[in-house]
Every structure is written in C-alpha cells, then in structure tokens.
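**Q** Predicted model and sequence follow; I will ask about them next.
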Amino acid sequence: MRGSGVLPYRPEVTPLPLPKAGAAGVFGDRLAAILIKGSAFLTILSLILIFVFIGKEALPVLTSAEVQKEAGLAQLFLPQAPHPGADREFTWQPVSEIPKYSLLPLFLGTLKVTIIAVLIAIPLAVGAALYTSEFAPGWAREIIKPCIEVLAGIPSVVIGFFCLMVIAGWLHDAFGWTYRLNALTAGIGLSLAVIPIVYTVAEDAFSCVPQPFREGSLAMGASSWQTAARVVLPAAMPGVLAACVLGFGRAVGETMIVLMASGNAAVLSWSPVDSVRTFSATIAAELGEVVQGSPHYHVLFFLGAFLFLLTFALNLLGRWWVGRLQKKLQGAA
Amino acid sequence: MKRLRLVWVPAAGVLLLFAACGGPGGESAHKPVTVKGSDTMVILSQRWAETYMTENPGVTIQVTGGGSGVGIAALINGGTDICDASRPMKEAEKAQAKERHGQDVEEIPVALDGVAIYVHQSSPIQSISAAQLKGIYTGQITNWRDVGGSEGRIVAYSRENNSGTYVFFKEHVLGNADFAREIQTLPGTAAVVNAVSKDPASIGYGGIAYASGIRTVPVRKDDQSAPVTPSLATVRSGEYPLSRNLFFYTIGSPQGDVKAFIDWVLSQEGQKICEAVGYYPIARR
C-alpha cells in the first residue's frame, strides 16, 4: 500500500490529559492494572491447581504400596488373569471380587470414537468453511455461519440424548448391526460437537488469507475452485491444522455424548460397530460412587491425568507443526 | 451521577426480595431435611417429599439422587440427613459412619422393590430363569435360541457400576461373578428402558416403576419352578426371585423434622404413595 504515490498519513496527536500525581485517578489506574493482571494470573493459577490436584490424587498409583497391590502399573498395562487359572486378558472390571484395571480397552475405545468423529467432522467442517469464505453468496453465509455457531451452543447432553433416541435408531434400522449403541453412533454424535469448533477456527484462517493472493491467482487465469484449493487452502493451512488439533482435543475429552451413545462396554476390538467405553465416560460413570482413597478412586484420577497429558501433548504437537508450516510458507513467499 | 442513582433502584429491589424470602424461613426455624441417594428411589422420595410438604407447609425436604453409594458416602460425611439406598449398607460402611459420628446407623426399610427383567415388546420370550439370566450376563449364553427364543445374538444392557441396582443384580443374580465385557452399561434405568424399547434383540433390568414401553418377563427361580411375575403379592411373599428392600438410613435414631417425615413415610398414607409410583408397601410392622 505504501509507496503508491500517496503521501504518508500523519495524524495530529493530542495526548490525553494524564491524571495528576496523587489524585484518585492514579489509584484507580493502578487498581485496574492489578485487577487485569490478577485475572490473567488467576487463569494460570487455576490451571496449575487443577494439575496439582489431579496429580496428587493420581500419584498413589505409582507410589502407594497399598494401591499398587490392587492396581499397580502391571495391572494397568499388562494382561491379567480374571481369576486364578484363567487366560490372561485385558479387562476393565473395577467392581469385582478381583478388580481388574486394564487401560487398554479404554484407550482403544477412546481412540476409536475420536478417530471416527474427527474423520467425519474435519472434511465437513473444513469444506463448509471453505465454501462460506470463498464461494457462498452473502445471504448464504449469513445463514450458514450463525447456524453452525448455534450448534456449538447445544449442550452435549442434548446431542447425546438425540444420538441415543434418534441417530442410533436410524442407523440400526438402516444397517442392522448387532449393537444399536456403538462406536460409530457415538462418533457421529461426537462429530456434531466437533464440527462447530473446527469450522469456526478454519473459517477465520480462510478469511485471514490476504485478498491479493486470490486476485493474483484469478488474474493468472485460475478458476475460483483452483484458487480456493491451490492458493487459499495452502495459505491457510496452519490455521486449518490448528482447527483440527482443537477438534481432536474436544473429541478426546467429550463425555456426555459417548456416555449416552457408545454403550460403554469395555470391549477390545477394532470393529467400529462394537460398543466402546472411553476414558472420559468411565470417569463420569464411576467417580460418583467410588470410595474416596480406594485404589479404584486413584485409578480414576490416573485416567484423568492421562487424559490431561494426552490433550496437552496433542496441543504441543499441533503448535509445533503449525509453527513449522508457518515458517515454511513464509520462507516460500 | 443520575445514572449511578438509577442502579440503586433494582439493587434495592433485589435486597427487598431477599429479605422477603428470608423472612418466613427464619421465623419458623425449620432446617431443610435432605434426602440423598439411590437413583431408583428418586421418583418415590420426590413424591413423598412433595406430598409431605403440601401437608406440612414450612417444612422443606430436598431430594437428590446420584446412586445409593453416593448417598451412603454423603451420610458418612455428614452431607445429608437421610440416605435412601436400594441396597443394604455394608458392615464396613456402617463401621465408618459409627467411627465418624459415634452413633450407630439406623436402618429403616421403607418400601419393597422387584428388579424387573425387560425385553422388547415383540420378543417371543415368555419366561426366563435366574440361571439363564446369570448365563446371559456373564457371557455364557449369547444366543436367544439357548433361552427359548429365535436365532439371534442377545444384546444385554446393564446399569453403570455406581448403581444400587447393579450391585443387587451382581450379588443376587450373578452370585457375585463378573459381568461379561460385552454387556453394555447405561447411565440410569430410564436409558436402559429406552434402549431396550428400541432393540428387538435386547434384554435389560431395572426397577418395576420404570417398566413402560417394554415388556416385563416373568422370572423362574430355577428351571423346574413356575415363572413368577413381579407383583405386590409375589414380591412381599418373597416368591418373586428378584426382590429387595428399599431403605432409609439415618445417623442415630431420627429426631425432630426428620423423624416426623420418616414416620409419615411409614404411615398408611406414605405407603400408599409407594404403590402409586410402582413399588410395594412394606408389610405392617
């Protein structure tokens, strides 16, 4: 824009009258500054406190001999015999004569539902975002955008109930799977919660792509589809990736939808139409009843800590990836 | 300044409102009675509380669910006056409460309940034995053909392991064996009823009060005995194999408002509500 022959704009600056030293105004300013700073630190503090609390309650799994007798690392990660003499297997069955705390079925279940949800949500959400930012006429954008944003405001219990009552019925009638409530049903419900997040962030990323990129591409004779797919999408890639990572994080942690629509059977299988039990649903279902300080209680917090670290690692990975891409794109430009 | 003054008008209004609400409560000096525990008993306790409160204005009874375990934990921690539980308290829990409060826990049976077995309306199953139920829920029986139905996989639904009904079923039907891994668990009896009502191949269990939209299957104690439908007579006589007591628990013998409420629950009027909700009145003591 600069150097186009227009004289640089020099605004006349009139400084705001500063409050006199010692006046009540200075005190007010200081107070406001402290309050704002305080609220920023409060967020960090609460994050740390949550982490410390979860860590403290999860730690006995690693340190307390009493807890380890029933739920040590071997019980959590290695196959166990359900009763003496039986074959060793991975089972989650904490309320039992011999409690079994294998994390593998829960981990697999979480992974299965999350991947299904993300596979459905990301193409739909990114496609919708690309459409609204590149192709849609104004009136269509005015309808689509708020609608998807309203979807973000629907409580997940409601989505879960809708899934249990309606979606599960449709799918069961259409395909006749053995289990009416299964990973796919829950994944579809979960994708409803993930779509708005991915859409909103991806849409922002697309609209941040500078207009000259599009104009240049169109001037070179590219069609608007070619411009969108080969110029706008790559230029917005870091933002789209960030959207995907956020969506993945939401899918991993979402509780009510999977609790209601997945059937919650801790089965070890890769089939998408078997029932699954996820980490978050397990915590929600079992923490209410559990005796405080029992091995079961600490294992549930261990699950929580695991979930926390998982999303934390995912976010870090996403950030690093986005950073790398951004560097590459800027280097190429 | 004018604007500032306007702010005070609603503020004063709110304050007045608080004062108005606080007034009568303070005068009559009734502390709210809290009832917490079994999800199975939430409907029943709620109905008791509503009726009791209309008859005794000034007394407040707060009912919350969460599961028998949650209620018992709250009783031990001093978080509730009355705990309603669909399973008896364990000795260890009673000992914990005594250690904490220095008083024995008072156990008051307030109603009878049968755990009903649900199947889909269209299911051909006419009756089922306790042994067959055990087979289904421990994973030994997986095909409807083996229990007198037509060829097809059994989809069995259970409650989550925080429910008194789950514990009752595990102890009384499975003989404390583990549920099979394939058993699907759902949060709440209503969700189980809903799932069973939608799936012709399914079976589920839960309180009798919830049994609408599905069919309740008569249960045989063993393969030789006659099937018994859950009803007042069969549950009270113990003929129906899957019946149980529902309890109120208090720390020490109940006093004041709590005692008045429990006495009313055990009265003819309170027990009539049991029947209206779908449970059975306890035998007169």
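**A** Thanks, I have it.
**Q** of all of the stretch 151-285 of chain B, which residue lies closest to chain A?
**A** Ranking the residues of the stretch 151-285 of chain B by distance to chain A (C-beta to the nearest C-beta) places B:Asn162 first, at 3.2 Å. Where C-beta positions appear, they are placed from N, C-alpha and C, glycine not excepted.
**Q** Cross-check the contact I'm expecting between that residue and B:Ile72.
**A** No: here B:Asn162 does not reach B:Ile72: they are 11.4 Å apart, not a contact under C-beta atoms under 8 Å.
**Q** Out of the two, name the residue with the larger neighbour count.
**A** In terms of neighbours (other C-beta atoms under 10 Å in any protein chain shown), B:Ile72 is the more surrounded of B:Asn162 and B:Ile72; the figures are 29 against 23.
**Q** follow-up on the earlier one: tell me who's in contact with the residue of the stretch 151-285 of chain B closest to chain A.
**A** The neighbours of B:Asn162, taking C-beta atoms under 8 Å, 6 or more residues apart in numbering or on different chains as the test, are A:Ala285, A:Glu286, A:Gly288, A:Glu289, A:Val290, B:Gly67, B:Gly69, B:Val70.
**Q** And it, what's its pLDDT?
**A** Looking at B:Asn162, its pLDDT reads 72.
**Q** Any idea how far the strand or helix carrying B:Ser45 is from the middle of the chain?
**A** Under the assignment given by DSSP states H and E, the secondary-structure element containing B:Ser45 is helix B:42-55. Its chain's C-alpha centre and that of helix B:42-55 lie 14 Å apart, by C-alpha atoms, centre = their mean, to the nearest Å.
**Q** about what we covered before: and the residue of the stretch 151-285 of chain B closest to chain A, what element?
**A** In this assignment (DSSP H and E), B:Asn162 forms part of neither any helix nor any strand.
**Q** same question, the one 5 residues further on
**A** In the assignment (DSSP H and E), B:Val167 maps to helix B:164-172.
**Q** What pairs with the helix or strand following that helix, parallel or antiparallel?
**A** On the C-terminal side of helix B:164-172, the closest following helix or strand by DSSP H and E is strand B:184-186. Sheet partners assigned to strand B:184-186 using DSSP bridges are listed as strand B:155-159 (parallel).
**Q** can you list contacts of the strand it pairs with?
**A** For strand B:155-159, the surrounding residues in contact (C-beta under 8 Å, 6+ apart) are A:178-180, B:136-137, B:165-166, B:169, B:179-180, B:182-186, B:188-189, B:192, B:195-196, B:199, B:201-206.
**Q** And for stretch B:80-99?
**A** With C-beta under 8 Å, 6+ apart as the contact definition, stretch B:80-99 has outside contacts at B:33-38, B:40-41, B:45, B:68, B:71-72, B:74-76, B:104-105, B:107, B:110, B:113, B:164-165, B:167-168, B:244-251, B:254, B:258, B:261-262.
**Q** 6 Å instead, please
**A** The set of residues external to stretch B:80-99 that reach it, using C-beta atoms under 6 Å, 6 or more residues apart in numbering or on different chains, is B:33-38, B:40-41, B:45, B:68, B:71-72, B:74-76, B:104-105, B:164, B:167-168, B:246-250, B:258.
**Q** what about B:Ala74, neighbour count?
**A** For B:Ala74, which is what you asked about, the neighbour count (other C-beta under 10 Å) is 19.
**Q** Now B:Val63: which helix or strand?
**A** Assigning secondary structure by DSSP H and E places B:Val63 in strand B:61-64.
**Q** Pull the residues that contact that strand.
**A** Strand B:61-64 is touched from outside by B:Pro32, B:Val33, B:Thr34, B:Val35, B:Lys36, B:Ser45, B:Gln46, B:Ala49, B:Met53, with contacts defined as C-beta under 6 Å, 6+ apart.
**Q** can we see that at 7 Å?
**A** Strand B:61-64 is contacted from outside by B:Pro32, B:Val33, B:Thr34, B:Val35, B:Lys36, B:Val42, B:Ser45, B:Gln46, B:Ala49, B:Tyr52, B:Met53, B:Phe261, using C-beta atoms under 7 Å, 6 or more residues apart in numbering or on different chains.
**Q** How about the next helix or strand after it and chain A, touching?
**A** Going down the chain from strand B:61-64, the next helix or strand is helix B:68-77, by DSSP H and E. Yes: contact of helix B:68-77 with chain A (C-beta under 7 Å from any C-beta of the partner chain) involves B:Gly69, B:Val70.
**Q** residues in contact with helix B:68-77?
**A** Residues outside helix B:68-77 that contact it (C-beta under 7 Å, 6+ apart): A:288-289, B:36-38, B:80, B:83-87, B:89, B:93, B:96-97, B:100, B:162, B:164, B:249, B:251.
**Q** Can you list the buried residues in that helix?
**A** Neighbour-count burial for helix B:68-77, counted by 16 or more other C-beta atoms under 10 Å in any protein chain shown, picks out B:Ser68, B:Gly69, B:Val70, B:Gly71, B:Ile72, B:Ala73, B:Ala74, B:Leu75, B:Ile76.
**Q** follow-up on the earlier one: from the contacts of stretch B:80-99, list the buried ones, please.
**A** Among the contacts of stretch B:80-99, those scoring as buried are B:33-38, B:40-41, B:45, B:68, B:71-72, B:74-76, B:105, B:164, B:167-168, B:246-250, B:258 (criterion: 16+ other C-beta under 10 Å).
**Q** for chain B, what are the nearby residues on chain A?
**A** Counting by C-beta under 7 Å from any C-beta, chain A comes close to chain B at A:82, A:91, A:93-97, A:164-165, A:169, A:172, A:178-181, A:259-260, A:263-267, A:275, A:285-286, A:288-289.
**Q** Narrow the residues you listed to those in strands?
**A** A:Gln93 (DSSP state E).
**Q** what's the nearest residue to the residue of the stretch 51-200 of chain A found nearest chain B if we skip its chain neighbours?
**A** Of the stretch 51-200 of chain A, the residue with the smallest distance to chain B, taken as C-beta to the nearest C-beta, is A:Val95 at 4.2 Å. Spatial nearest neighbour of A:Val95, chain neighbours left out: B:Asn161 (4.2 Å); criterion: C-beta to C-beta, 6 or more residues apart in numbering or on different chains.
**Q** Grab the nearest non-local neighbour of A:Glu57.
**A** Of all residues beyond its chain neighbours, the one nearest A:Glu57 is A:Phe301 (3.8 Å), with distances taken as C-beta to C-beta, 6+ apart.
**Q** Tell me the secondary structure at B:Leu112.
**A** Classification of B:Leu112 by DSSP: H, G, I helix; E, B strand; the rest coil places it in strand.
**Q** Report the separation between it and B:Ala195.
**A** Relative to B:Ala195, B:Leu112 is positioned 26 Å away (C-beta to C-beta, to the nearest Å).
**Q** Pick out whichever of the two has more residues nearby.
**A** Neighbours per residue, other C-beta under 10 Å: of B:Leu112 and B:Ala195, the larger number sits with B:Ala195, 24 against 21.
**Q** sorry, back to before: buried residues, the helix holding B:Ser45. List them.
**A** Residues of helix B:42-55 classed as buried by neighbour count (16+ other C-beta under 10 Å): B:Val42, B:Ile43, B:Leu44, B:Ser45, B:Gln46, B:Arg47, B:Trp48, B:Ala49, B:Thr51, B:Tyr52.
**Q** Could you pull up the residues touching the third one?
**A** Read it as B:Leu44. Applying C-beta under 7 Å, 6+ apart, one finds that B:Leu44 lies in contact with B:Ala111, B:Cys274, B:Val277, B:Tyr279.
**Q** Could you identify the most distant pair in the residues you listed?
**A** Between all members of the contacts of B:Leu44, the longest pairwise span (C-beta to C-beta) is found for B:Ala111 and B:Val277 and amounts to 8.7 Å.
**Q** Tell me which of these two has more neighbours.
**A** Taking other C-beta under 10 Å, B:Ala111 and B:Val277 do not tie; B:Ala111 has more neighbours (27 against 17).
**Q** so who does that one touch?
**A** Contacts of B:Ala111 by C-beta under 7 Å, 6+ apart are B:Leu44, B:Leu246, B:Cys274, B:Tyr279, B:Tyr280, B:Pro281, B:Ile282.
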